[in-house]
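here is a sequence with its predicted model. Questions after.
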Amino acid sequence: MSALQGQLALANGMSIWEGFELVLPGQTIRFHAGTNEMLNSVVWQGNVYTPWPLNGTEFATPSQGSPARPKLQVGNFGGTISALCRQYEDLLAVKLKRRRTLVKYLDAVNFSAGNPTANPAEEYPVETWIITRKANETPTAIEFELGSPLDLQGVKLPRRQVVAGTCLWAYRSGECGYGGGPVADYADNPTSDPAKDQCSRTMRGCKKRFGANGELPFGGFPGIARVPRL
């Protein structure tokens, strides 16, 4: 939905407003594909939802009863989403909440004349999804595939144990991908001795070898941690 469409939607109180929350370690990013009546960010339940180009599809459960696999395409202005993918392992296993309500219930601050029908308690059931795959990435947009949180219960995704802060790859293996000189020992102390060169299996150890801003082949899932992993 464009910003203009988002503005027009606010003119119809019976339209459904849709916002998303990306729950990262230590922060929650909220966004909506439009603006309010004053061309500002939409506010719902006191929380600010940043205008951002996005398109979510296939949230309805298929008639056959198989699990829904929604897709969310998100604008990648300035590589912002790509940077999050590098920091949080393609956002794999990160929680995404879908929130919906009728426009007439949005906070009064969204309307130039206020909103006498504003009601933060009137909301459709909050949907909680898990990002299961980065389906496509371009300089302008990134598409993610979503799944139910149940997808992470008792299964390995993808086909391996889900661990937040520990890399499961063998150091210098094909999955690890590092083939350079010695860097640091297991405690991340610098070393030039090949016999002492061991990876700490943390994000810190990975960054020492691939760079703080490089694409990390980290074999863990830092996105599911409660606090950021270094």
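Yep, it's here.

now do the contacts for residue 207.
214, 216 (CB atoms under 8 Å, 6 or more residues apart in numbering). In short, each C-beta sits where N, CA and C put it, glycine included.

pull out the buried positions in the host helix or strand of it.
Using DSSP states H and E, the element containing residue 207 is helix 203-210. Of the residues in helix 203-210, those with enough neighbours to count as buried (16 or more other CB atoms under 10 Å) are 203, 205-210.

report the secondary structure element holding residue 38.
Under the criterion DSSP H and E, no helix or strand holds residue 38.

got the phi/psi numbers for it?
phi -100, psi 20 (degrees, to the nearest 10).

what's the local residue count around it?
Per other CB atoms under 10 Å, the neighbour tally for residue 38 reads 12.

report the secondary structure state of residue 84.
Three-state secondary structure (criterion: DSSP: H, G, I helix; E, B strand; the rest coil) places residue 84 in helix.

pretty sure residue 122 contacts residue 100?
No: judged on CB atoms under 8 Å, residue 122 makes no contact with residue 100 at a distance of 10.6 Å.

higher neighbour count, those two?
Set side by side, residue 122 and residue 100 show more neighbours around residue 100, with 15 against 12, by other CB under 10 Å.

quick check, the more buried one in a helix?
No: assessed with three-state DSSP, residue 100 is strand; it does not lie in a helix.

biggest strand in the protein by residues?
strand 127-137 (DSSP state E).

list the buried ones in that one?
Under the neighbour-count criterion of 16+ other CB under 10 Å, strand 127-137 has 127, 129-134 buried.

sorry, back to before: figure out how far the helix holding residue 207 is from the centre of its chain.
Using CA atoms, centre = their mean, to the nearest Å, the mean C-alpha position of helix 203-210 is found 22 Å from that of the whole chain.

stretch 206-225 now?
The chain centroid and the centroid of stretch 206-225 are separated by 16 Å, computed with CA atoms, centre = their mean.

stretch 201-217 too?
Using CA atoms, centre = their mean, we find the averaged C-alpha position of stretch 201-217 to lie 20 Å away from the chain's own average C-alpha position.

now do it: distance from first to last residue.
Length of stretch 201-217, first residue to last, CA to CA, to the nearest Å: 11 Å.

so residue 58 sits against residue 73, correct?
No: here residue 58 does not reach residue 73: they are 11.4 Å apart, not a contact under CB under 8 Å.

more neighbours: the two, which one.
Each of residue 58 and residue 73 has its neighbours counted (other CB under 10 Å); residue 73 has more, 16 against 13.

the more buried one: what's it in contact with?
Residue 73 sits in contact with 54-56, 141-144, where contact means CB under 8 Å, 6+ apart.

if you set the cut-off to 6 Å instead, what comes out?
Counting by CB atoms under 6 Å, 6 or more residues apart in numbering, residue 73 touches 55, 141, 143.

tell me the helix or strand right after the worst-scoring helix or strand of the chain on mean pLDDT.
Within the chain, judged by mean pLDDT, DSSP states H and E, the helix or strand with the poorest mean is helix 3-10; its value is a mean of 46. Secondary structure here is assigned by DSSP H and E; on that basis, the next helix or strand after helix 3-10 toward the C-terminus is strand 16-24.
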